[in-house]
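Engineer: Below is the sequence, then the predicted model.
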Amino acid sequence: MNNSPNKSIVLISQSDVILTGLTEILKGSIAGEIIQLHRGDEIIDFPELTGNFLVIANPEELEKSTSLIRQILPVTGSVQFLALVFDSNAATSISLNDSSALICYKVNEILNSFASNQAKDADTELTRREIEVLQLLTKGYSNKEIADHLFVSTHTVISHRKNISEKTGIKSASGLTMYAILKKIIDVSDINPEELI
Amino acid sequence: MELFNENSKLASVILKDYSLLPVINRLGIQLGFGDKTIRNICGENGIDLNFFVETINVFHYEAYFPEKRLLDFPVKIVIDYLVKTHQYYVNYLMPENDRLIELFLSANPEESTENELVRKFYAKFKEEFVIHINFEESVMFPYILELNRVIENLDSSMQFRQKYPDYSISGFEKEHSHLDDKMDDLKNIIIKYLPPNYDQNRGNAFLSNLFLFEKDLKNHSRIEDHILIPKVKQLEMVLQSHE
Ligand SMILES: [Fe+2]
Ligand SMILES: [Fe+2]
């Protein structure tokens, strides 16, 4: 549905003080959504997350939940981990003593590194073949009949139909008929609207 | 993203996410709840606190769906919620859709071909939707409630078996994808393919209502597919093991 993959931050800590504090620090200056968990395995309650993730937790929790989180989070994006430690100057972790600005900077560095799949203006022009398939479809032909008519396999017709739906955003047969009329690919007089729409 | 909990004030929940308004209505709450917390409101109204909290969270945050905990709620509570949701669609959202699409189309009488097409398509979508809901209410839900009653009362399953000789929920499962597709198609047609000379404000008003409907229906179907149906399958297994 959403073309640009979102970026989410998964904060894991037993401590509400840490969860709330970090959320407060991050929320104004990052482009991602923040999910708070007390334990890594609670991620199971979020089965429909998509996109890229940055998991922030203390080193023990990270070690415990890394493989679990990789299993559960969808493979649609990449997952990065950032350790939250009590005191350190390492660039690869954030410390409770870091300033808000530094924490935001470190988090944003990682978020920005996620490849941004900029939605391209995909090619939505139907090919000549797809138009032929669409015309036959609006006449009420089955996939098999279209295949016979065009001397191709049913499999090919199905893949044309899939492409047509992807390009137009229209999935149902009656929706495609309406599309074909609006786009003047067929004429209303060619079809029986009572039946097809 | 912050999940709400029983100590959240309902008023601040609604101020954060007003799309929850019809959801709390369905759960039995009317406006005018002052500064009460969810816990107090549920207590006063005899509403299952956990069900209330999980339901608004699932609705508020699409990615959140604690399947295991949701499966623990009694079938009756779930069906009651689903039926109230149907009522909201049939008594309010659908008529509102009808009104707004007519307002939108009738402002451009010269586009008669386009208008006719959209009207026909919309009528078809609506017809399918009504059939779907009627089926659930007149066949599927009564079956589930009766099955649940037999198991709760440890009744003999004889009578039940006579009434539903070869019924199982797998035979009832109706796909939601056709409805979703039609709704998507309608949106895309209006957003992308209608001639641009329609009244934009009326178009926006119709689309806003349709988006509202879509969000609600998606949530509703998800509860049916992932909570209700698996629960019924469990009940059917219990019944079988009693026989
Ligand atoms: Fe339903
Ligand atoms: Fe349904």
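Structural biologist: Perfect, I can see it now. These numbers were taken from a predicted model, which means no experiment stands behind them. Residues are numbered from 1 along each chain as shown, chains lettered A, B, ... in the order given. Ligands and ions are numbered 1, 2, ... in the order given.
Engineer: tell me which element the closest residue to chain A within chain B is part of?
Structural biologist: Nearest residue of chain B to chain A: B:Asp185, at 3.2 Å (CB to the nearest CB). Backbone N, C-alpha and C define where each C-beta goes, glycine included. Per DSSP states H and E, B:Asp185 falls inside helix B:177-188.
Engineer: which residues touch that helix?
Structural biologist: Residues from elsewhere that reach helix B:177-188, judged by CB atoms under 8 Å, 6 or more residues apart in numbering or on different chains: A:168-172, A:174-175, A:178, B:118, B:121-122, B:124-125, B:128-129, B:132, B:207, B:210-211, B:213-214, B:217-218, B:221.
Engineer: Narrow those to those in helices?
Structural biologist: Secondary structure of the contacts of helix B:177-188 is defined by DSSP state H; positions in helices are A:168, A:174-175, A:178, B:118, B:121-122, B:124-125, B:128-129, B:132, B:207, B:210-211, B:213-214, B:217-218, B:221.
Engineer: need the contact list for B:Val58.
Structural biologist: Residues near B:Val58 by CB under 8 Å, 6+ apart: B:Tyr64, B:Phe65, B:Pro66, B:Leu70, B:Asn219, B:Arg222, B:Ile223.
Engineer: ok, now B:Leu210?
Structural biologist: Counting by CB under 8 Å, 6+ apart, B:Leu210 has contacts B:Asn97, B:Met183, B:Leu186, B:Lys187.
Engineer: most surrounded residue in the residues you listed?
Structural biologist: B:Leu186 (25 neighbours; other CB atoms under 10 Å in any protein chain shown).
Engineer: Please point out which parts of stretch B:135-142 sit buried.
Structural biologist: B:Glu136, B:Glu137, B:Met140, B:Phe141 (16 or more other CB atoms under 10 Å in any protein chain shown).
Engineer: So A:Ser174 sits against B:Ala123, correct?
Structural biologist: No: contact criterion CB atoms under 8 Å: A:Ser174 and B:Ala123 do not qualify, at 10.6 Å.
Engineer: mind listing what's buried in the helix holding B:Asp185?
Structural biologist: In helix B:177-188, counting by 16+ other CB under 10 Å, buried: B:Leu179, B:Asp180, B:Asp181, B:Lys182, B:Met183, B:Asp184, B:Asp185, B:Leu186, B:Lys187, B:Asn188.
Engineer: mind checking the SS state of A:Ser56?
Structural biologist: To be clear, residue A:56 is Ile; Ser isn't right here. Here A:Ile56 is recorded as strand under DSSP: H, G, I helix; E, B strand; the rest coil.
Engineer: Tell me how far it lies from chain B.
Structural biologist: Applying CB to the nearest CB, to the nearest Å, the value for A:Ile56 to chain B is 14 Å.
Engineer: okay, that residue: pLDDT?
Structural biologist: If you check A:Ile56, the pLDDT there is 91.
Engineer: That one: what's it in contact with?
Structural biologist: A:Ile9, A:Val10, A:Leu11, A:Ile12, A:Leu22, A:Phe81, A:Leu82, A:Ala83, A:Leu84, A:Ile94, A:Val107.
Engineer: Select from these every entry located in helices.
Structural biologist: A:Leu22, A:Val107.
Engineer: Save the contacts of A:Ile56 as a markdown table, and put in neighbour count and distance to A:Leu137 too.
Structural biologist: Shown next, in a markdown table, are the contacts of A:Ile56 (neighbours: other CB atoms under 10 Å in any protein chain shown; distance: CB to CB, whole Å):
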| residue | neighbour count | distance to A:Leu137 |
| --- | --- | --- |
| A:Ile9 | 25 | 45 |
| A:Val10 | 25 | 44 |
| A:Leu11 | 22 | 49 |
| A:Ile12 | 25 | 50 |
| A:Leu22 | 23 | 53 |
| A:Phe81 | 20 | 48 |
| A:Leu82 | 19 | 51 |
| A:Ala83 | 19 | 55 |
| A:Leu84 | 22 | 56 |
| A:Ile94 | 22 | 56 |
| A:Val107 | 21 | 49 |
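Engineer: could I get the contacts of A:Ile56 as JSON lines with distance to chain B and pLDDT?
Structural biologist: JSON lines is the format used below for the contacts of A:Ile56 (distance: CB to the nearest CB, whole Å; pLDDT from 0 to 100):
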{"residue": "A:Ile9", "distance to chain B": "10", "pLDDT": "89"}
{"residue": "A:Val10", "distance to chain B": "10", "pLDDT": "90"}
{"residue": "A:Leu11", "distance to chain B": "10", "pLDDT": "91"}
{"residue": "A:Ile12", "distance to chain B": "14", "pLDDT": "92"}
{"residue": "A:Leu22", "distance to chain B": "13", "pLDDT": "90"}
{"residue": "A:Phe81", "distance to chain B": "19", "pLDDT": "83"}
{"residue": "A:Leu82", "distance to chain B": "18", "pLDDT": "84"}
{"residue": "A:Ala83", "distance to chain B": "22", "pLDDT": "84"}
{"residue": "A:Leu84", "distance to chain B": "19", "pLDDT": "83"}
{"residue": "A:Ile94", "distance to chain B": "20", "pLDDT": "87"}
{"residue": "A:Val107", "distance to chain B": "16", "pLDDT": "88"}
